[in-house]
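prediction below, plus the sequence it came from.
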Amino acid sequence: MLSDRINSGATKIRLDGLENQGGQRLDELLEWLRMVGPANQCSLQPASSDASFRRYFRLVCSAGTLIVMDAPPEREHLHSFIEVDRLFAGVGVRVPEIVEYDLNRGFMLLEDFGSTSYLSTLDTETAAELYADAMQVLRLFNNDLDPGQSELPRYDHHLVQREMGLFEEWFLAGKLGIRLTKAEVELLQSAKAFLTQVMLEQPRVVVHRDFHSRNLMLVDGLNPGVLDFQDAVVGPLTYDLVSLLRDCYIAWPETAVVQWVRDYFDGLNLDGVDFEQYYRWFDLTGLQRHMKALGIFSRLDLRDGKSDYLGDIPRTFDYVQAVASRYAELSALDNFLTEIVSDRLSRVIPQ
């Protein structure tokens with residue numbers, strides 16, 4: 001195994017596909033890899049990027065491959081990744097083994113789960129089996145991790161409100177150029193208060209917080225491999241399930257979603273909570289998440305120059321509209337989305 005050979009000598013590294021991505025940060029990363037990497041010839045290749053300031057590379061050597069994480073310490077913190085990795089691994093979740101890290105520099109070597117994500121594999125033939133595997137992971141979160149003993153941050157009123165502020169600042173104002181009237185500000189405040197209440201009234205569990213098809217990898221043995229968990233919190237029971245089944249990157253017929261939710265619910269033991277109540281939580285928690293996601297996708301484009309997520313905005317907005325239309329408490333929000341936002345969105349990001 002490649003990780004067994006770490007620190008055995010100076011690594012010789014060839015850049016592959018990174019010729020135009022030089023600079024001081026890459027030079028520092030190469031220096032670190034030469035000190036901690038395996039004692040043979042390796043190549044460093046681009047692996048992936050995400051909706052943060054982290055970058056990922058693949059270190060390809062004769063004995064195998066590893067993933068290299070570059071997390072600039074002034075922007076990202078490795079402590080939370082390390083702690084959540086240990087927490088999840090302790091209850092049997094398949095998370096990458098951490099091979100080596102440098103907290104001060106923000107570098108890490110990790111087990112490589114390959115390049116086959118759930119997103120690249122999901123279709124009508126594979127969905128049932130893949131989602132069943134993913135829901136087993138959620139059962140580990142719900143049943144084997146004690147939120148009361150966890151030192152993870154709490155998904156509290158402040159965090160919920162702050163997330164929803166992204167919808168107004170970056171999606172409505174930033175991307176769509178909508179200037180809110182006093183009445184529109186008030187209806188959004190009312191919707192935020194309602195959704196915050198729904199989020200906070202649910203049983204508390206350990207929440208991955210980004211449990212979707214891009215962060216689940218198809219791996220041999222215990223499937224799936226779980227990534228991007230460093231922002232885990234103690235939060236609402238339904239949050240990870242709606243992240244999985246109402247995914248910003250792939251959509252399913254509502255009949256299929258309802259059946260998957262029911263299958264998961266049937267395996268829970270919730271005193272005094274029927275399926276109607278659970279599904280209401282699922283619906284409205286998803287609405288909060290998708291409003292936040294619209295803000296994040298817009299911010300990635302406007303602030304960070306990452307336009308890859310713009311194509312996911314129409315699908316995510318469809319989720320928001322569909323759920324808002326189902327609840328009397330959100331009728332004002334539904335009207336605003338239908339009469340104002342939908343038209344502006346169709347002109348800014350044509351479907």
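Looks like it arrived, so ask away. Since the structure is predicted, the reported quantities are computational estimates derived from the model, not experimental observations.

could you use CA atoms for every contact and neighbour count after this?
Will do.

tell me where the stretch 201-350 of the chain has strands.
Along the stretch 201-350 of the chain, counting by DSSP state E, counting those that start in this stretch, strands occupy 204-207, 216-217, 225-226, 233-236.

ok, residues contacting the third one?
With C-alpha atoms under 8 Å, 6 or more residues apart in numbering as the test, strand 225-226 has contacts from 93, 94, 95, 96, 113, 215, 216, 217, 218, 219.

for residue 285, see how far away residue 253 is.
19 Å (C-alpha to C-alpha, to the nearest Å).

so which of those two has more stuff around it?
The residue with more neighbours, out of residue 253 and residue 285, is residue 285; 26 against 7, by other C-alpha atoms under 10 Å.

surely the more buried one is in contact with residue 197?
No. Residue 285 is beyond contact range of residue 197, at 10.2 Å (criterion: C-alpha atoms under 8 Å).

which one's the longest helix in the chain?
Counting residues, the longest helix found in the chain (DSSP state H) is helix 275-302.

mean confidence for that helix?
Helix 275-302 comes out with an average pLDDT of 98.

among the contacts of strand 225-226, which one sits closest to residue 298?
residue 215 (20.2 Å; C-alpha to C-alpha).

the closest one: what's it in contact with?
117, 118, 226, 227, 228.

can you say which two of these are spatially most distant?
So, the contacts of residue 215 by C-alpha to C-alpha: farthest apart are 118 and 228, at 13.9 Å.

so between those two, which is more surrounded?
A count of neighbours by other C-alpha under 10 Å puts residue 118 above the other of residue 118 and residue 228, at 23 against 19.

thinking the more buried one is in contact with residue 223, fair?
No. Applying C-alpha under 8 Å as the test, residue 118 and residue 223 come out as separate, 10.4 Å apart.

need the overlap of contacts for the two.
In contact with both residue 118 and residue 223: residue 217, using C-alpha under 8 Å, 6+ apart.

helix/strand/coil for residue 13?
With DSSP: H, G, I helix; E, B strand; the rest coil as the basis, residue 13 sits in strand.

hmm, who's touching the lengthiest strand in the chain?
Counting residues, the longest strand found in the chain (DSSP state E) is strand 41-49. Contacts of strand 41-49 with the rest of the structure, by C-alpha under 8 Å, 6+ apart, involve 11-18, 55-62, 67.
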